[in-house]
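>>> Sharing a model that was predicted from the sequence below.
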Amino acid sequence: MPVNATTAALFLLLGVLGAATRAGLAEAVFTSVAGMLGFNFFFLPPVGTFRIADPENWVALFAFLATAITASKLSTDAKRQAREALTGRNEIGRLYELSRALLMDEGGDAIRHSVVQAGQILGIREIAFFDAAAKQTYGWIDHVWVSPAELARTAETGEPLVRPGATVIPVQLGTRVIGSLAFGAGTISDNVRESIANLLAINYERAHAVDRAATAEIARRNEEFKSSLLDGMAHDLKTPLTAIRSCITRLIQIPPRTEEVRQELLSIIDQESLRLQASITEAIELARIESRELHLAPERTDVAGLVETAISDGRDENQARYSVDIPAGLEVFADPELLRRALMQILENARKYSPSNAPIVVRARQDDKQTTIAVLDRGPGIASDEIERIFNKFFRGRKGRDKAEGTGMGLAIAKAIVNAHQGRIYAENRGDGDGAAIIIKLP
C-alpha cells in the first residue's frame, strides 16, 4: 500500500483499540498479534518476510501488545463498573417497589404477604422468614438445604449461616432479633439480602403496631358501646318501669272503684311492658350484631314478597296506606330473615314519624350491579346536619323525637344488617320537601 510505516502503525493501532473497547482481553490480544504480524510483513524491512532487520522495530511490535492489554483492561473495568451500576440501579428500583408494596399492604396477614411479595418482586424462588415470637415460618425453602431447627437457631443466636445453596441471616429490629430470613441459591448480593431483612423488620413492626392499634380501637369501641348502651337504656327502661310501677302501686294501695279504671291501668301496664320488652330485644339484637355473631344464610329472595311480609308483621294497623312499587320477579341474593327484620325497622321508623293516614311508599329497582330498595314517608324529614347521624345507636332527630317514642336503635340495627350483606344504607330528604327516604343498596 502506498503509505509509510507510521501511518500504517497508527491505523493498525486504532484497530487494536477498537477490538479492546468492543470485545474482551482475548479478542484484543488476538487483534494485537494479527496487527503486529501484518505490520512486520508489509511495512518493516525486509518487506515480505517476518524477519526484523532493525532491533528498534521491536518497540513498535510490543507497542501493539501493550496497547491491547492496557486498553482491554480499562475497557473491561469500565464495562464491569457499568454493569455493577446498572445492577445496583435495578436492585434499588426493585427494593423501592418492594418497600412501596409493603407499606401499601393493609391486609390482615401482612407478614406472610411481605415474604411473598419479596420473592415475587425480586425474583427469588426460595425465601422464608421465621418469626421467633410466633414460632412460625412464612414462605418456602427446601429443607434439604436449611432445616427449621437452623432457622430457629439463627433467630436465637443472631449468627448468619452461609453454605452452598442457601443463606440464612438474622432479622433485627434495632438491637433485637425478631427472626431469621433464609434464601435459596441465587444471584442476589449481600446488600440486597440485608435490605430485604430490614424492610421485613420494618413491616413486621408496622403489622404488630396496626394489630395493637386495632385491639385498642376495639376495646375503645366496646367501652363506648357499653357507655352509650347504658345511657340510652337508662331512659328507655326507666320510663316504662316508672309507669308500670305507678299503675301497680295504684292497683294495690288505692283499688279502683270502677272496672273501667282498673282495665285502663292494666292496659297501661300491658303497653309499657311491651315497650320495655321491645327495648330489651332491640338492645340484645344490636349487641349481637355489633359483636359479629351474625351468620348470614343468603338465598334467592323475592323482594316483593319480602316487603309484603315485613309490612304484615309490623305494628301498623293501617296497612292499606302502604304502596308497594316493585317489578314482578325482582330477586336479591340475601338472608331473607335478616333483611325482613331490617325492612321492619325501617318501616316502623316511617310509621312512627308519619301522620296516621299519610301514605308510605316502598320502591325497588335493579340494574346490572345492585338492587335498590327505598322507603319513602311523609314525616317531618331530617335536619341536614343530622342526616349522617340518624343511623348511630340511640340517636333520634330533633324534628321527631318529641312526636314519637323510640329507642334510637331501629336504624342502627338496619344498618348493621345491610353492612353484613356488603350493602349500603343512607337517608335523604324527599325532593318535594315533605318527608324522608331511607335507601338500601345491595349487591
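Cool, got the structure. Keep in mind the model is a prediction, meaning the values are calculated, not measured.
>>> quick check, residue 248 in a helix?
Yes: under DSSP: H, G, I helix; E, B strand; the rest coil, residue 248 falls within a helix.
>>> What pLDDT does the model give residue 239?
The per-residue pLDDT reported for residue 239 equals 68.
>>> ok, now the one 5 residues further on?
Each residue has a pLDDT score; the one for residue 244 is 82.
>>> Equivalent analysis for the one 3 residues further on, please.
With respect to pLDDT, residue 247 has a value of 83.
>>> Is it correct that it is in contact with residue 270?
No: using C-beta atoms under 8 Å, residue 247 is not in contact with residue 270; the gap is 9.7 Å. Bear in mind the C-beta positions are built from the backbone N, C-alpha and C, glycine included.
>>> can you list residues touching both of these two?
In terms of C-beta atoms under 8 Å, 6 or more residues apart in numbering, residue 247 and residue 270 are not both contacted by any residue.
>>> Which of those two has more residues huddled nearby?
Neighbours of residue 247 and residue 270, each counted by other C-beta atoms under 10 Å, are more numerous for residue 247; the result is 18 against 12.
>>> Enumerate every residue touching the more buried one.
Residue 247 sits next to 265, 266, 268, 269, 272 when contact means C-beta under 8 Å, 6+ apart.
>>> I'd assumed the third one was in a helix, is it?
Yes: when the secondary structure is assigned by three-state DSSP, residue 268 falls within a helix.
>>> now it: how far from residue 274?
Residue 268 sits 11 Å away from residue 274 when distances are taken as C-beta to C-beta, to the nearest Å.
>>> pLDDT below threshold where in the stretch 151-300 of the chain?
186-187, 218, 221-239, 256-257, 278-279, 282-294 (pLDDT under 70).
>>> now the helices for the protein?
Counting by DSSP state H, the chain has these helices, from start to end: 5-22, 25-43, 57-104, 110-122, 148-157, 190-253, 259-290, 303-312, 336-353, 410-420.
>>> Quick check: bridge partners of residue 137?
Listed beta-bridge partners, residue 137: residue 130 (assigned using DSSP bridges).
>>> who's more crowded, residue 268 and residue 274?
More crowded of residue 268 and residue 274, by other C-beta under 10 Å: residue 268, with 16 against 12.
>>> which ones are touching the more buried one?
Residues counted as contacts of residue 268 (C-beta under 8 Å, 6+ apart) are 243, 244, 247.
>>> Closest one to residue 348 out of those residues, please.
Ranked by distance to residue 348 (C-beta to C-beta), these are led by residue 243 at 21.0 Å.
>>> wait, doesn't the closest one sit right on residue 273?
No: in terms of C-beta under 8 Å, residue 243 does not count as a neighbour of residue 273; the distance is 9.6 Å.
>>> Look at the two and report which has more neighbours.
Legend: neighbour count by other C-beta under 10 Å for residue 243 and residue 273, higher for residue 243 (17 against 14).
>>> Not counting its neighbours along the chain, what's nearest that one?
Closest residue to residue 243 apart from its sequence neighbours, by C-beta to C-beta, 6 or more residues apart in numbering: residue 272 at 4.5 Å.
>>> Roughly how far does the one you found sit from residue 261?
Distance from residue 272 to residue 261, counting by C-beta to C-beta: 17 Å.
>>> quick one, which of these two is more surrounded?
With other C-beta under 10 Å as the criterion, residue 272 and residue 261 differ in neighbour count, and residue 272 comes out ahead with 19 against 13.
>>> Look up how far residue 242 lies from the more buried one.
For residue 272 relative to residue 242 (C-beta to C-beta), the value is 9 Å.
>>> go on, residue 87?
Here residue 87 is placed at a distance of 81 Å from residue 242 (C-beta to C-beta).
>>> What of residue 65?
Counting by C-beta to C-beta, the gap from residue 65 to residue 242 is 113 Å.
>>> Those two: who's more crowded?
Shown here are residue 65 and residue 242; by other C-beta under 10 Å, residue 65 has more neighbours (16 against 11).
>>> so what's the more buried one up against?
Taking C-beta under 8 Å, 6+ apart as the contact definition, residue 65 lies against 29, 32, 33, 36.
>>> Torsion angles phi and psi at residue 388?
Dihedral pair for residue 388: phi -90, psi -10, per degrees, to the nearest 10.
>>> What pLDDT is listed against it?
In this prediction, residue 388 carries a pLDDT score of 79.
>>> what do you get for residue 57?
pLDDT, residue 57: 63.
>>> Equivalent analysis for residue 307, please.
On pLDDT, residue 307 comes in at 92.
>>> number of nearby residues for it?
Residue 307 has 23 neighbours, counted by other C-beta under 10 Å.
>>> I'd assumed residue 323 was in contact with it.
No: taking contacts as C-beta under 8 Å, residue 307 lies outside contact range of residue 323: 10.7 Å.
>>> joint contacts of those two?
Applying C-beta under 8 Å, 6+ apart, one finds that residue 307 and residue 323 are jointly contacted by residue 362.
>>> Tell me how many other residues surround residue 423.
Residue 423: 21 surrounding residues under other C-beta under 10 Å.
>>> Excluding residues flanking it in the chain, which one is nearest it?
The spatially closest residue to residue 423, leaving aside those adjacent along the chain, is residue 442, at 4.1 Å (C-beta to C-beta, 6+ apart).
>>> OK, contacts around that neighbour?
Here residue 442 is in contact with 332, 334, 370, 371, 373, 418, 421, 422, 423 (C-beta under 8 Å, 6+ apart).
>>> how near is residue 281 to residue 148?
Distance of residue 281 to residue 148, computed by C-beta to C-beta: 53 Å.
>>> got it, and residue 255?
Residue 255 sits 83 Å away from residue 148, taking C-beta to C-beta as the criterion.
>>> Which residue of the two possesses the greater neighbour count?
residue 148 (14 against 9).
>>> Check whether the more buried one really touches residue 137, as I assumed.
Yes: using C-beta under 8 Å, residue 148 makes contact with residue 137 at a distance of 6.5 Å.
>>> overlap in contacts of these two?
Both residue 148 and residue 137 are in contact with residue 130, where contact means C-beta under 8 Å, 6+ apart.
>>> ok, residue 332 touching residue 304?
No: here residue 332 does not reach residue 304: they are 10.8 Å apart, not a contact under C-beta under 8 Å.
>>> between those two, which one's more packed in?
Neighbours per residue (other C-beta under 10 Å) separate residue 332 from residue 304, with residue 332 holding more: 23 against 17.
>>> Any idea what that one is bridged to?
Beta-bridge partners for residue 332, by DSSP bridges, are residue 301.
>>> Got the confidence number for it?
Note on residue 332: pLDDT of 92.
>>> Could you measure from it over to residue 375?
Using C-beta to C-beta, residue 332 is found at 15 Å from residue 375.
>>> can you check residue 364 too?
Counting by C-beta to C-beta, the gap from residue 364 to residue 375 is 10 Å.
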